[in-house]
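Q: No sequence on hand, only this structure:
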Ligand code: GLC
């Protein structure tokens with residue numbers, strides 16, 4: 001079938017629909033169930049039940065028993081599987097190859113949480129464009145990204161995969177990822193289909209323990225967890241992944257209220273719903289299915305289109321239809337969505353797109369590495385700086401710690417073949433000619449005999465000590481929950497020893513989540529959160545440490561002062577007894593510590609300073625169907641060029657449900673030279689000020705709103721004005 005080039009979209013769409021209906025009419029029940037089956041590929045450990053049809057994968061494909069595949073295999077092997085599907089199966093329907101391209105493919109970019117801290121949507125989109133170009137060049141046509149789970153609990157290891165705690169920022173990141181991956185045409189050689197995940201509420205796992213139970217009220221679901229999915233769907237994402245967790249006691253995969261009514265009817269999603277890995281089989285462990293057949297039935301009745309990596313759908317759906325337990329029309333609905341997706345991606349017309357050697361994209365090329373470097377430079381967050389940064393270029397530096405010369409800077413979820421080329425911090429500093437002595441001092445979570453002594457010996461001769469500490473990649477990400485999100489004891493022992501020398505100490509932190517850092521606020525001069533920055537990490541960090549690049553990142557997630565504060569996030573409700581830090585007893589407070597986090601959402605320092613002034617509203621009164629322009633001046637009052645993220649927050653003072661003390665509703669990142677002053681402008685209208693009420697409907701209610709502009713969510717110099725909304 002030749003692609004419809006230049007044919008009016010409507011007729012092309014009509015042609016596709018006719019082809020789809022002809023295919024569905026010709027398919028057997030087994031072939032329909034096969035399209036709804038996603039294999040984990042040839043070499044995967046079985047999880048629970050049978051991993052795929054009890055046949056060699058080639059035979060299953062030949063029989064039309066597989067519709068898509070998670071492809072962690074060489075391109076030549078993908079091409080052979082595709083050849084079998086196209087040339088040896090009865091209907092020749094091509095396979096869709098998928099992968100978790102979460103933060104880059106061959107060139108690894110900063111973890112999503114890190115790039116969210118850049119507050120730079122353009123940079124994030126271009127990073128996703130590079131990732132798509134590299135992955136699509138390897139035959140991948142769908143990525144299980146962006147992850148849109150709202151991260152409020154750093155015990156949960158997967159906060160590193162999302163965009164932090166704020167629905168507005170995560171929604172904008174969703175749009176940037178979808179635009180970057182899909183481009184203007186998902187069928188284009190350098191494009192991927194985006195898959196929004198994990199639908200929905202997975203990150204609310206109790207205790208921060210991965211895969212644990214989630215309890216989310218309907219208003220919190222719609223006002224906090226759903227906005228990023230609404231944005232990603234509106235941006236045109238072609239796929240959504242159903243999450244592992246229960247909602248209201250029923251696993252999402254078997255929960256028609258969520259997988260159909262919410263996703264399809266309320267959010268209007270028309271694309272493909274794929275389960276998470278073996279989540280259909282897990283319905284048995286959840287206790288909502290007696291066996292594989294019932295698991296397949298419940299999942300498909302709930303609205304699932306593709307079963308990922310287990311094959312209960314393939315084994316049981318034909319029998320369920322033949323015995324009248326499942327209408328064939330339900331299968332047709334899923335197969336229709338899957339085939340539309342394959343047509344949209346162009347693989348029905350060109351199954352071998354990017355599967356031949358000639359289309360080897362220029363992976364890990366200088367331009368891609370430069371893109372990763374740019375993203376990394378803008379993703380770091382300077383949490384504290386009493387003057388040690390930027391470093392004096394002539395300083396004698398002791399680089400101490402397990403991350404000092406480690407290549408373990410890529411973060412979870414990467415499959416790059418270029419890990420040996422990762423730029424370490426030592427590499428980066430040496431490239432800048434640093435006067436350096438380097439000692440590990442300890443391993444990530446183990447002491448090294450004599451390690452501390454050797455580190456102290458090196459540190460004694462130094463002017464400044466860089467403490468390169470942190471987590472290993474595997475300590476965050478999936479199935480990596482931690483009860484105590486802090487640095488391992490051997491690293492703390494090293495830090496205490498080094499701090500005892502009384503020299504300036506700069507903590508350079510590598511982590512996939514906020515860690516408990518309060519000790520360092522008193523014993524380190526500066527704290528730089530570098531997250532996992534990808535292939536060019538060391539070069540980017542060295543650039544920031546030496547001031548070649550002024551840090552501009554802002555926290556997308558709060559840093560708790562103590563584990564006991566978790567969950568702590570900026571857009572909280574006021575409660576009926578808000579504590580005013582005045583010592584009052586019967587208020588919402590702790591006896592043994594403050595309510596405020598150590599570092600709040602939106603916090604991030606620069607080597608220069610910025611001042612905001614002259615907040616103005618185009619009108620102090622806004623009609624419900626009108627809008628208002630919010631303006632403020634921002635000035636670089638320091639001695640070097642830098643970038644500030646000016647943040648717009650609102651608070652609905654009184655509504656039919658309790659509303660957060662502030663909510664991000666806009667941000668502008670701008671570069672300013674020393675002394676330069678600019679005016680930034682935001683617009684607000686009812687859709688920015690409204691919320692979902694207890695009836696599930698979106699509403700903006702008249703009344704008073706605080707409109708605030710600041711440099712962080714807890715800016716002590718936050719500018720504020722009152723806006724009255726009238727019917
Ligand atoms: C994993 C993750 C999901 C990922 C999928 C495929 O279990 O939960 O985020 O996309 O399996 O690898």
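A: Now that the structure is in, tell me what you want to look at. The structure presented is a predicted model; accordingly, all values stated were derived computationally and were not measured.
Q: Residue 610 - nearest residue in space that isn't next to it in sequence?
A: residue 644 (4.2 Å; C-beta to C-beta, 6 or more residues apart in numbering). For glycine as for every other residue, the C-beta is placed from the backbone atoms N, C-alpha and C.
Q: following the helix or strand the one you found falls within, which helix or strand shows up next?
A: If you go by DSSP states H and E, residue 644 is part of strand 642-652. For strand 642-652, the succeeding helix or strand toward the C-terminus, using DSSP H and E, is strand 663-672.
Q: Starting from whatever helix or strand comes next after that following strand, tell me which strands it pairs with and how they run.
A: The helix or strand immediately downstream of strand 663-672 is strand 677-685, counting by DSSP H and E. Take DSSP bridges as the rule and strand 677-685 pairs in its sheet with strand 627-636 (antiparallel).
Q: Can you point out the buried residues in the partner strand?
A: 628, 630, 632, 633, 634, 635, 636 (16 or more other C-beta atoms under 10 Å).
Q: now stretch 417-434
A: Buried residues in stretch 417-434 (16+ other C-beta under 10 Å): 422, 423, 424, 425, 426, 428, 429, 430, 434.
Q: can you tell me which residues contact the residue nearest to the spatial centre of the chain?
A: By C-alpha atoms, centre = their mean, the chain has its centre lying nearest to residue 162, at 2.3 Å. Applying C-beta atoms under 8 Å, 6 or more residues apart in numbering, we find residue 162 in contact with 112, 113, 116, 147, 148, 149, 150, 151, 170, 203.
Q: ok, the closest residue to residue 474 other than its chain neighbours to the ligand distance?
A: Once flanking residues are discounted, residue 474 sits nearest to residue 480: 6.5 Å by C-beta to C-beta, 6+ apart. Going from residue 480 to the ligand by C-beta to the nearest ligand atom, to the nearest Å gives 12 Å.
Q: now residue 640
A: Distance from residue 640 to the ligand, by C-beta to the nearest ligand atom: 41 Å.
Q: Based on its surroundings, how many neighbours for the closest residue in space to that residue that isn't next to it in sequence?
A: Excluding the flanking residues, the one nearest residue 640 by C-beta to C-beta, 6+ apart is residue 608, at 4.8 Å. Neighbourhood size, residue 608 [other C-beta atoms under 10 Å]: 18.
Q: How much space separates residue 414 from the ligand?
A: 12 Å.
Q: Spell out which parts of the stretch 51-200 of the chain neighbour the ligand.
A: When proximity is defined as C-beta under 6 Å from any ligand atom, the stretch 51-200 of the chain approaches the ligand at 70, 100, 144, 197.
Q: can you tell me which residues contact the second one?
A: What that stands for is residue 100. Residue 100 touches 70, 143, 144, 145, 413, 415, counting by C-beta under 8 Å, 6+ apart.
Q: now do the first one
A: Going by C-beta under 8 Å, 6+ apart, residue 70 touches 38, 39, 40, 41, 98, 99, 100, 308, 309.
Q: Go ahead and confirm the fourth one touches residue 57.
A: By that I understand residue 41. Yes - in terms of C-beta atoms under 8 Å, residue 41 counts as a neighbour of residue 57; the distance is 7.5 Å.
Q: can you tell me which helix or strand whatever residue of the stretch 251-400 of the chain ends up closest to the ligand belongs to?
A: Residue of the stretch 251-400 of the chain nearest the ligand, by C-beta to the nearest ligand atom: residue 277 (3.4 Å). Following DSSP H and E, there is no helix or strand that holds residue 277.
Q: Surely it touches residue 309?
A: Yes - contact criterion C-beta under 8 Å: residue 277 and residue 309 qualify, at 5.3 Å.
Q: and these two? which has more neighbours close in?
A: residue 309 (24 against 20).
Q: Check what pLDDT the residue nearest to that one when sequence neighbours are not counted gets.
A: Excluding the flanking residues, the one nearest residue 309 by C-beta to C-beta, 6+ apart is residue 40, at 4.0 Å. pLDDT recorded at residue 40 is 91.
Q: Equivalent analysis for the one 3 residues further on, please.
A: Per-residue pLDDT puts residue 43 at 64.
Q: out of the contacts of residue 70, who's nearest the ligand?
A: Once C-beta to the nearest ligand atom is applied, the member of these that ends up nearest the ligand is residue 100, at 4.8 Å.
Q: just so I have it, where are all the strands in the stretch 301-450 of the chain?
A: 307-308, 381-385, 396-400, 435-439 (DSSP state E, counting those that start in this stretch).
Q: who are the neighbours of the second one, in terms of helices and strands?
A: Counting contacts by 3 or more C-beta pairs under 8 Å, 6 or more residues apart in numbering; DSSP states H and E, the secondary-structure elements packed against strand 381-385 are strand 526-529.
Q: Near the ligand, which residues of the chain? Just list them.
A: So the chain meets the ligand at 70, 100, 144, 197, 276, 277, 478 (C-beta under 6 Å from any ligand atom).
Q: Please narrow these to those residing in strands.
A: Among the residues of the chain next to the ligand, the members found in strands (DSSP state E) are 70, 197.
Q: where does this structure have its least confident helix or strand?
A: Within the chain, confidence by mean pLDDT, DSSP states H and E is lowest for helix 9-26 among all helices and strands, at a mean of 88.
Q: Show me the contact partners of the next helix or strand along the chain from that helix.
A: Scanning forward in sequence from helix 9-26 by DSSP H and E, the next helix or strand is helix 29-35. With C-beta under 8 Å, 6+ apart as the test, helix 29-35 has contacts from 24, 27, 60, 63-67, 90-91, 93, 313-314, 317-318, 321-322, 328, 331-332, 334-335, 338-339.
Q: Could you rerun that using 7 Å?
A: 64-67, 91, 93, 313-314, 317-318, 321, 331, 335, 338 (C-beta atoms under 7 Å, 6 or more residues apart in numbering).
Q: Make a ChimeraX selection of the buried ones in these.
A: ChimeraX command restricting the contacts of helix 29-35 to the buried ones, with burial defined by 16+ other C-beta under 10 Å:
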select :64,65,66,67,93,313,314,317,318,321,331,335,338
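Q: Among the contacts of helix 29-35, which one sits closest to residue 249?
A: Proximity of the contacts of helix 29-35 to residue 249 (C-beta to C-beta) peaks at residue 313, which lies at 23.4 Å.
Q: tally of neighbours for the nearest residue to that closest one once chain neighbours are set aside?
A: Take residue 313 and drop its neighbours on the chain: the residue closest to it by C-beta to C-beta, 6+ apart is residue 307, 4.3 Å away. When neighbours are defined as other C-beta under 10 Å, residue 307 has 27 of them.
Q: how about residue 307, what does it touch?
A: Residue 307 makes contact with 36, 37, 38, 275, 280, 299, 313, according to C-beta under 7 Å, 6+ apart.
Q: For the first one, give me its contacts.
A: With contacts defined as C-beta under 7 Å, 6+ apart, the neighbours of residue 36 are 67, 305, 306, 307, 313, 334.
Q: likewise the second one?
A: Contact criterion C-beta under 7 Å, 6+ apart gives 65, 66, 67, 307, 311, 313, 314 as the residues in contact with residue 37.
Q: With the fourth one instead?
A: By C-beta under 7 Å, 6+ apart, residue 275 lies in contact with 242, 253, 299, 304, 306, 307, 308.
Q: neighbours of the closest residue to the fifth one other than its chain neighbours, just the number please.
A: If I follow you right, that is residue 306. Using C-beta to C-beta, 6+ apart and skipping residues adjacent in sequence, the residue nearest residue 306 is residue 274, 4.1 Å away. Each residue near residue 274 was counted by other C-beta under 10 Å, and the total is 26.
Q: How about residue 437?
A: 16.
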